[in-house]
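> The following comprises the amino acid sequence and a computationally predicted model.
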Amino acid sequence: MQHATYLVAVDGSKNAERAFQAAIDLATITGAQLTILYIINDRGYDKQRFEAEYLRLIEAEHQLANELLTTYLKSAQDQHVVAQQALQYGYPKEQIVTYSRDNQPTDLIFIGATGNNAFEDGELGATASYVIRHATANVFLAK
């Protein structure tokens, strides 16, 4: 029997933390394999006009992403969940859907209802809304 595969998108937000914990809890019960995905949003910057600042911001986020992924991976392993980490660049909502479909066929995507770009608590964020509408996998929404 093949194990289920779960994908959890993390960005350092509280809801992403809740999504990660839900993924760990379910993977512990089901024996699913988990991919922890962080996407560095490299869109929205005027790369040519502010190249030095752009490179500094991307490098800082890359370092933050690596630290966060390492922490989550260790937590998964400490709880005996088979896990791997992935770091992608691009538009998060599109990359989550693409990664779950193309790079890692996924049975269930875990995502926070809102992430770091949320303007109001309790609202469904643009990334979560997009993933729910476009993903081929089922989506677990954490609030």
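Arrived safely, thanks for sending. Numbers count the residues shown, from 1 in each chain.
> Mind telling me which residue is nearest the centre of the chain?
Ala9 (1.4 Å; C-alpha atoms, centre = their mean).
> That one touches Ala113, doesn't it?
No: judged on C-beta atoms under 8 Å, Ala9 makes no contact with Ala113 at a distance of 11.8 Å. To be clear about C-beta, it is placed using only N, CA and C from the backbone, and glycine gets the same treatment.
> Next SSE downstream of the worst-scoring helix or strand of the chain on mean pLDDT?
Every helix and strand in the chain was compared by mean pLDDT, DSSP states H and E; the lowest is helix 51-78, with a mean of 92. Moving toward the C-terminus from helix 51-78, the next helix or strand (DSSP states H and E) is strand 83-89.
> Would you mark the buried spots in that next one?
For strand 83-89, burial by neighbour count (16 or more other C-beta atoms under 10 Å) applies to 83, 85-86, 88.
> which helices and strands sit right next to it?
Applying 3 or more C-beta pairs under 8 Å, 6 or more residues apart in numbering; DSSP states H and E, we find strand 83-89 packed against strand 33-40, helix 51-78.
> Can you spell out which helices and strands pack onto the next helix or strand after it?
Remark: after strand 83-89, the chain's next helix or strand is helix 92-98, criterion DSSP H and E. Applying 3+ C-beta pairs under 8 Å, 6+ apart, one finds that helix 92-98 makes contact with strand 5-9, strand 33-40, helix 126-134.
> Please repeat the previous calculation with a cut-off of 6 Å.
helix 126-134 (3 or more C-beta pairs under 6 Å, 6 or more residues apart in numbering; DSSP states H and E).
> next SSE after the helix it packs on?
Going down the chain from helix 126-134, the next helix or strand is strand 138-142, by DSSP H and E.
> what angle separates that following strand from helix 126-134?
Going by axes from the mean of the first three to the mean of the last three C-alpha atoms, to 10 degrees, strand 138-142 is angled at 150 degrees with respect to helix 126-134.
> Surely Phe110 forms part of a helix?
No: read with DSSP: H, G, I helix; E, B strand; the rest coil, Phe110 is strand and lies in no helix.
> Fine by me, we can end here.
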